[in-house]
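show me how the following folds:
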Amino acid sequence: DGTSGVAPGFSCAAGQSIVGPVNLYLQQSGVGSVTVKEAGTQTLTANEFALYLQDTWKPSPKLTVNYGLRWEAQVQPSVITPPSTVFFSPWIDSTVNGHTFPSDGTIPSDKKMFQPRLGIAWDPQADGRQVFRLSAGVYYARIPGLNLASVRSTNGSLGQTLFGSSGTVGFLPPPAFDSLLPLNTGTPFQPDVYVVDRNFKNPRTINLTVGYERQLSGDLAASISFTHARGDHMTRFVNRTDPVFGRPFSSGPNGIGRLFTIESTAKSRYNGFTVGLKRVLDPNLQFEINYTLSFDKSDDDNERDPFTFRYARADSLGKEFNWSDRDQRHRFNAWMLTKVYGFSINNRVSIYSAQPASETCVANQPSGKRASSPAQRICTDGHVLLRNTIRKDNAYFSWDLLVSRAIPVGRPGQQLEAIVEVFNVTNNDNFKDPAAGTNYLNFDGTIRSGLGDPRQLQVGLRWAF
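Model (predicted):
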């Protein structure tokens with residue numbers, strides 16, 4: 001009549017009692033004179049500055065040139081504990097087992113984000129029937145504040161986590177909310193520590209797009225374009241005290257458990273071809289269709305989750321460069337608006353191919369089975385499978401339909417419009433599959449998994465007056 005699944009502070013059902021054992025009990029504590037509240041809260045302020053210059057030059061009716069330069073700076077907040085007194089200060093500027101401590105104890109600011117831009121439009125005949133376009137530019141991204149918050153607070157000097165279990169503390173039942181473990185104000189033992197690499201830079205993307213658009217007849221136009229995006233200095237989280245490195249910086253009274261290092265060593269490469277057809281001036285028949293064939297590669301798609309490592313082995317990061325978690329080989333979008341016997345009919349269709357996933361290594365070979373964690377890509381002989389070599393079952397298809405009819409009511413200019421709208425007309429599954437594997441601590445924007453939105457219908461009335 002016992003249970004071992006009761007959380008601290010909760011009572012058992014009638015006739016039951018806690019029999020244990022307690023496998024894991026965690027409790028937040030400050031370090032030294034730092035209170036729990038002080039250790040767990042902070043005010044984080046980053047200052048961003050920007051300056052942009054732009055000009056347009058038209059040397060002839062055939063040619064238009066836009067050019068500009070943008071400068072940005074992201075001045076990061078200072079650390080709470082000075083580098084000279086922080087828990088890991090003895091390791092700064094040291095080298096252990098051939099590995100130099102990655103941080104100087106500060107959060108580097110990037111003040112050199114110069115971003116030139118260029119756009120060219122060329123109409124060979126100056127008659128508006130065709131145009132060649134080229135655009136190029138450099139773009140920098142911000143650093144999410146969540147990544148920096150851990151660096152300022154989880155440094156071994158402000159807060160620590162108290163651990164307890166039946167095997168270590170010998171308590172049963174676990175302490176209730178009003179009778180917690182005694183706070184430990186002493187030095188923590190091998191705490192996890194977050195730092196920013198001393199050479200950290202904000203993510204940068206160099207983008208180039210070339211395209212051609214031509215009028216076929218009337219208001220019917222076709223287009224084709226190619227886009228290349230080269231991402232560098234992408235954010236990556238690496239444990240620099242990993243056992244594969246010989247666990248440097250882990251010994252002695254200032255030994256570190258896991259050294260979460262925020263680095264700018266990841267990269268991405270995108271190439272995409274898009275063709276389109278559109279007719280947008282005829283009031284009775286308008287449509288736009290586009291199809292993109294793309295190839296999206298990267299070696300780390302995690303820029304917002306500082307709590308997990310997405311690589312298989314810290315010393316085999318080259319095995320991470322393959323199809324990005326975002327990669328969708330085919331993307332098709334279309335909409336068409338028609339008017340038939342006073343009814344307005346709007347069709348919207350979206351079709352996307354499946355995204356990639358990694359496979360498990362079995363008998364030192366790719367198994368074709370999906371890996372639930374990066375570690376399953378490590379084979380028994382030590383070699384690591386390439387990331388993202390198979391595809392998920394998350395291809396997407398959606399057809400949305402809207403039909404409306406406006407009827408004049410009352411004075412001239414007033415009308416009552418009846419609307420019927422159906423989403424996902426074919427009731428496709430559109431399976432949602434998070435990149436992180438679960439929705440717990442998932443920062444990829446997916447807040448649920450499983451089946452997508454089912455067929456939905458809504459009706460409404462709109463009165464225009």
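
going forward, measure contacts and count neighbours with C-alpha atoms only.
Fine.

isn't residue 270 up against residue 230?
Yes: the pair residue 270 and residue 230 qualifies as a contact (C-alpha atoms under 8 Å) at a distance of 6.5 Å.

in the protein, where is pLDDT below threshold?
1-21, 166-179, 184-185, 435-447 (pLDDT under 70).

could you identify the longest helix within it?
helix 145-153 (DSSP state H).

chain center to the helix or strand just after that one, what's the gap?
Of the helices and strands lying after helix 145-153 in sequence (DSSP states H and E), the nearest is strand 159-164. Relative to its chain's centre, strand 159-164 lies at 29 Å (C-alpha atoms, centre = their mean, to the nearest Å).

counting by contacts, list what whichever helix or strand comes after strand 159-164 packs against.
Note on strand 159-164: by DSSP H and E, the next helix or strand toward the C-terminus is strand 193-196. Contact here means 3 or more C-alpha pairs under 8 Å, 6 or more residues apart in numbering; DSSP states H and E; on that basis strand 193-196 packs against helix 145-153, strand 259-279.

what's the longest helix of the chain packed up against?
strand 193-196.

for the helix or strand following the strand it packs on, C-alpha coordinates in PDB please.
Next helix or strand after strand 193-196 toward the C-terminus (DSSP H and E): strand 204-217. Coordinates of each C-alpha in strand 204-217 appear next as PDB, following Å, rounded to 0.1, in the frame of the first residue of the first chain:
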ATOM      1  CA  ARG A 204      26.400  36.800 -39.200                       C
ATOM      2  CA  THR A 205      24.700  36.000 -42.500                       C
ATOM      3  CA  ILE A 206      25.900  36.900 -46.000                       C
ATOM      4  CA  ASN A 207      23.000  36.900 -48.400                       C
ATOM      5  CA  LEU A 208      22.900  37.000 -52.200                       C
ATOM      6  CA  THR A 209      19.800  36.800 -54.400                       C
ATOM      7  CA  VAL A 210      19.500  37.100 -58.100                       C
ATOM      8  CA  GLY A 211      16.200  37.000 -60.000                       C
ATOM      9  CA  TYR A 212      14.400  37.600 -63.300                       C
ATOM     10  CA  GLU A 213      10.800  38.500 -63.800                       C
ATOM     11  CA  ARG A 214       8.900  38.900 -67.100                       C
ATOM     12  CA  GLN A 215       5.500  39.900 -68.200                       C
ATOM     13  CA  LEU A 216       4.000  37.000 -70.300                       C
ATOM     14  CA  SER A 217       0.700  38.700 -71.300                       C
END
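
tabulate the CA atom coordinates of the next helix or strand after strand 204-217 in CSV.
Of the helices and strands lying after strand 204-217 in sequence (DSSP H and E), the nearest is strand 220-239. Taking Å, rounded to 0.1, in the frame of the first residue of the first chain, the C-alpha atoms of strand 220-239 are listed here in CSV:
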residue,chain,number,x,y,z
LEU,A,220,0.4,37.5,-66.1
ALA,A,221,4.0,37.4,-65.0
ALA,A,222,6.6,34.7,-64.3
SER,A,223,9.7,34.8,-62.2
ILE,A,224,12.7,32.8,-61.2
SER,A,225,15.3,33.5,-58.5
PHE,A,226,18.2,32.0,-56.7
THR,A,227,19.2,32.7,-53.0
HIS,A,228,22.4,31.8,-51.2
ALA,A,229,22.7,32.5,-47.5
ARG,A,230,26.0,31.8,-45.7
GLY,A,231,25.7,31.9,-41.9
ASP,A,232,28.8,32.1,-39.8
HIS,A,233,29.6,32.7,-36.1
MET,A,234,26.4,30.8,-35.3
THR,A,235,25.8,30.2,-31.6
ARG,A,236,26.7,26.7,-30.2
PHE,A,237,26.8,25.3,-26.7
VAL,A,238,29.7,23.0,-25.9
ASN,A,239,30.8,21.3,-22.6
